[in-house]
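Student: no letters, just coordinates:
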């Protein structure tokens, strides 16, 4: 799982994302993009791919209630067509939450 040091995301924010995923029945949340690769800038957004559950509610609450001013870009993995973007998420993505 991703940690605060590697991603530049405060631990409290990662914990909030995980709690919201549980609350909305999301099965898996994958961090991708610059924060997953570790080449982010201080103000880089947080790219998340979510799977299962009530993703629209999850996405709204992540945007509105987490303890950060950083922007989020949240995509539904089930709605992404096969292709380069999905391949990049699979290759670079770091699972930050997975339902057990």
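Tutor: Okay, I see it. What you see is a predicted model, and the numbers here were worked out from it, not measured in a lab.

Student: tally of neighbours for residue 73?
Tutor: Neighbours of residue 73 under the rule other C-beta atoms under 10 Å: 13. (C-beta placed from N, C-alpha, C; glycine too.)

Student: equivalent analysis for residue 7, please.
Tutor: Look at residue 7: counted by other C-beta under 10 Å, it has 22 neighbours.

Student: begin at 541 from here
Tutor: Okay, residue one is now 541; in that scheme the one you just asked about reads as residue 547.

Student: ok, and the closest non-adjacent residue to it?
Tutor: Nearest residue to residue 547, sequence neighbours excluded (C-beta to C-beta, 6 or more residues apart in numbering): residue 575, at 4.6 Å.

Student: neighbouring contacts of whichever strand or helix holds that neighbour?
Tutor: Assigned by DSSP states H and E, residue 575 falls within helix 574-577. Identification of contacts with helix 574-577 by C-beta atoms under 8 Å, 6 or more residues apart in numbering yields 542, 547-549, 570, 580-581, 584, 586-587, 632-634.

Student: check these and tell me the two furthest apart.
Tutor: Largest separation among the contacts of helix 574-577 by C-beta to C-beta: 570 and 581, giving 20.6 Å.

Student: how many other residues sit next to residue 620?
Tutor: For residue 620, the count of nearby residues is 12 (other C-beta under 10 Å).

Student: coming back round to it: got CSV for the contacts of helix 574-577, with distance to residue 612, pLDDT and secondary structure too?
Tutor: CSV is the format used below for those (distance: C-beta to C-beta, whole Å; pLDDT from 0 to 100; DSSP: H, G, I helix; E, B strand; the rest coil):
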residue, distance to residue 612, pLDDT, secondary structure
542, 15, 63, coil
547, 13, 92, helix
548, 14, 94, coil
549, 11, 96, coil
570, 13, 98, strand
580, 13, 96, coil
581, 16, 95, coil
584, 11, 96, coil
586, 5, 98, strand
587, 8, 98, strand
632, 17, 94, helix
633, 15, 96, coil
634, 15, 96, strand
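
Student: picking up where we left off before, chain center to the helix holding residue 575, what's the gap?
Tutor: Its chain's C-alpha centre and that of helix 574-577 lie 11 Å apart, by C-alpha atoms, centre = their mean, to the nearest Å.
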